[in-house]
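Visitor: Next one to model:
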Amino acid sequence: MKLIYSLPKRDKKYIFSRILLTLLMFVGFLAFFSALWYHFVYGDIGFDGLFFTLVAGMGGVQSGLVISWALRGLLPTVLATVAGFFLLLFIPYKKGKSKEQREFKKIRTVALSLAAAVFISFFATAGGLANMYIWIGNLFAETDIYEEEYVAPEDANITFPEQKRNLIYIFLESMETTFFSQEMGGANKDNCLPNLHKLASDNINFSQNSSVGGGRDTEGASWTSAAMVSHTAGIPMRFPLSVKGKVNGDILPSATNLTEILEEQGYNQAVLFGSNAEYGGRKMFFEKRGMDRFYDIYTAYEDGIVPENYWEWWGMEDIHLFEYAKKVLPTMASGSEPFSLTMLTADTHHVDGYKCKYCNDEFDEQYSNVLSCSDRQVYEFIKWIQQQPFYENTAIIITGDHATMDYRYIVENTDTDYTRRIYNCFINSAVGGENSKNREFITCDMFPTTLAAMGCIIEGDRLGLGTNLFSGKQTLTEKYGYENLNRELSKRSEFYNTQFDLKDKL
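Guide: Predicted structure coming up:
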C-alpha cells in the first residue's frame, strides 16, 4: 500500500479532532514537564504547597522561579506539542470504503489513540511526581487528632504578666540546623552558620539532643504561608480552604492565632516582608487578626528604603529588610502600648538563594555563601537590638519557617539518613530553658512556647496542637511519634473543616 503524505483536503471534523488532540497533548506535556521541574526544584515534598500557591495566586513570585519553569517546563512542552501537531497533521486522510481507504482509517485511528494516550500517561505521571495521588488518598482518610488533642486558644486561660513583654519574631526563610557543619551537629562540610549556632548556644534553643538542634515541620506546614499559620495558630494549613473563607477574604477564619491574643492585650503589631505582603495569602491571613500595619516592598518605596520600582529577587534584599526594621522598631517602641514585630527574610529562598553585595565567596556553592551572609546579617541585627532601650523588656525569637525546598543543595550536601531540623533560638525569654533539650516537637509547638517566652502563664500548657516547650510537658510528637503524628495531620478532618474554615467566630 502506497501512503501519500501530502496535505489532504480537510473537513471541519478533521480539523476539530486534531485541534482537540493537540490541546490534550499540550495539557499532558505541560503537566508532565512542569511536574518534572517541580520535582527538580522542590524535591519530594507534599502536593499541598503547590495546590495552595496556584489557588492563592502567583503575584509577587520571584522572577527566577518563573524563568526556571519557562525553560524547564514551558519550553519543552511547546516543542513536544509542535512536533505532535505536525505528526497529526500529516496523518493520511481519505474518505470512502475501499480497502486502501480502510487502511488509512486504521492508521489514523492508531495515531489518534496514541495522541490521546500521550495525554493520559503524561498527565498521570505528572500526578505521581507531584505526590498528587497521596494527597487525594488522604482526602478520603479521616483523622480524629483534632477532636482528641486540639485546645481552643479562645477558651484557654492565658495570664499575661503585669508588665507585658514586647516580641520580635524573626522568620528566617528555609533555615535549618542541617546547614551547621558536621562538627556542630549539622550535615554540611562547610561551617555556614557560626553566628546562629553561637546565638543558639548562648541563649535558649530547643533541641532533639543535648546540643543545638531543632524541631520539624509537618504536612500543611512546609511552605511559608502554611508555616506562619503553624507557628502562630498551632495547626497546619489543610484543604479544602473554604469557599466561605475565600468570599470573606480570609484563610481559616475561625482559627484563633497569636496576633489575635496579643490584640486583645492591647499590643501594637506589625509584620515586615521584603516581598509583596499579599503573596501566598499572607496578608489575607493576618489582616483580620489584629495586625495593625503591613510593611513590604511597596511601603518601602513610600518610606524611601529603596527607590520606586526597585525589584531584586522577591522584592528587596535582606540588607534592606533589616535597614527597614531599624526604622520601624524605634517608632513602635516609642508608643505607650507593648509591641510585636514579625519579620520574614528572603535571601535564603531556593533556588540557590540571592547573592547580595555583602556575600563572600568563601565556599564553593552559592547557597552556602548566601547562608553565611544571612548568618552575619542576623547576628549584626540582634546585636543592634540589644543596644536599644526597648531590648530589656523584649523577647526575641529567631526560627526557620520550614525546611528548605532547595532540593539539589540538600541532595548534594546531606546524607539520606540525616534527619533535618528547623532552627530556633529564644533570646531574652521571661523563663529559663531547663526543659529545652532532648525534645521532639513540631512548628505547632512554637505557638504556646512563644507566649511562655513573653512571660504568659498558660493553664494546661497547651494551645492548638502545640505544647509549651518551656513546661517540659509531653508534646504530641513525643506522645505519638513524628511519623504517626504527621500521618494523622495529612488526613482529612471534618472537625478542622467545620471549626476553623466554616464556622463563624462568636
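
Visitor: Would you map out the domains in this structure?
Guide: 12-139, 145-153+165-498 (automatic domain parsing).

Visitor: Most tightly packed of these?
Guide: Ranked by average neighbour count under the criterion mean count of other Cβ atoms under 10 Å, the domains of the chain are headed by domain 145-153+165-498 at a mean of 20. No exception for glycine: its C-beta is placed from N, CA and C like everyone else's.

Visitor: avg pLDDT for that domain?
Guide: In this model, domain 145-153+165-498 has an average pLDDT of 93.

Visitor: circling back: turn the domains of the chain into CSV, columns for distance to residue 159.
Guide: Formatted as CSV, the domains of the chain follow (distance: least, Cβ to Cβ, whole Å):
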stretch, distance to residue 159
domain 12-139, 35
domain 145-153+165-498, 4
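
Visitor: Not counting sequence-adjacent ones, nearest residue to residue 370?
Guide: residue 353 (3.1 Å; Cβ to Cβ, 6 or more residues apart in numbering).

Visitor: Was I right to think residue 285 contacts residue 228?
Guide: Yes. Contact between residue 285 and residue 228 holds when scored by Cβ atoms under 8 Å: they sit 6.9 Å apart.

Visitor: Poorly predicted segments of the stretch 1-150 of the chain, please.
Guide: Residues of the stretch 1-150 of the chain meeting the criterion pLDDT under 70: 1-18, 35-66, 68-69, 73, 87-119, 121-139.

Visitor: Quickly note the distance from residue 427 to residue 226.
Guide: 26 Å (Cβ to Cβ, to the nearest Å).

Visitor: likewise residue 492?
Guide: Where residue 226 is concerned, residue 492 sits at a distance of 16 Å (Cβ to Cβ).

Visitor: Then residue 254?
Guide: Residue 254 is 17 Å from residue 226, by Cβ to Cβ.

Visitor: where do the helices sit along the stretch 51-200 of the chain?
Guide: 63-69, 75-89, 99-129, 132-139, 145-149, 194-202 (DSSP state H, counting those that start in this stretch).

Visitor: what's residue 291 in contact with, if anything?
Guide: 259, 269, 270, 271 (Cβ atoms under 8 Å, 6 or more residues apart in numbering).

Visitor: and the two most separated of these?
Guide: Within those, 259 and 270 form the most distant pair, 10.2 Å apart (Cβ to Cβ).

Visitor: any residues in contact with both of those two?
Guide: Contacts common to residue 259 and residue 270, judged by Cβ under 8 Å, 6+ apart, are 291, 340.

Visitor: which stretches of the protein form strands?
Guide: 158-159, 166-172, 214-215, 268-273, 293-295, 339-344, 394-400, 422-427, 457-458, 462-463, 466-467 (DSSP state E).

Visitor: strands paired with the fourth one, and their directions?
Guide: Using DSSP bridges, the neighbouring strands of strand 268-273 in the sheet come out as strand 293-295 (parallel), strand 339-344 (parallel).

Visitor: looking at those strands, which is closest to residue 197?
Guide: Among the strands paired with strand 268-273, strand 339-344 sits nearest to residue 197 (Cβ to Cβ), with 20.4 Å.

Visitor: could you give the angle of the closest one to strand 394-400?
Guide: 20 degrees (axes from the mean of the first three to the mean of the last three Cα atoms, to 10 degrees).

Visitor: so what's residue 404 up against?
Guide: Here residue 404 is in contact with 174, 175, 176, 178, 348, 350, 410 (criterion: Cβ under 8 Å, 6+ apart).

Visitor: try 10 Å
Guide: With Cβ atoms under 10 Å, 6 or more residues apart in numbering as the criterion, the residues that contact residue 404 are 42-43, 173-176, 178-179, 348-350, 353, 367, 371, 410, 420, 422.

Visitor: Next up, phi/psi of it, please.
Guide: Here is the backbone geometry of residue 404 (degrees, to the nearest 10): phi -60, psi 150.

Visitor: separation between it and residue 175?
Guide: 8 Å.

Visitor: between the two, what contacts are shared?
Guide: Shared contacts of residue 404 and residue 175, counting by Cβ under 10 Å, 6+ apart, come down to 348, 371, 422.

Visitor: one step back: list just the nearest of the contacts of residue 291 to residue 496.
Guide: residue 259 (20.3 Å).

Visitor: Pretty sure that closest one sits against residue 289.
Guide: Yes. Shown here, residue 259 and residue 289 form a contact pair, counting by Cβ atoms under 10 Å, at 4.5 Å.

Visitor: what residues are shared contacts of those two?
Guide: Common neighbours of residue 259 and residue 289, counting by Cβ under 10 Å, 6+ apart, are 232, 233, 269.

Visitor: Please identify which of those is nearest to residue 327.
Guide: residue 269 (16.8 Å).
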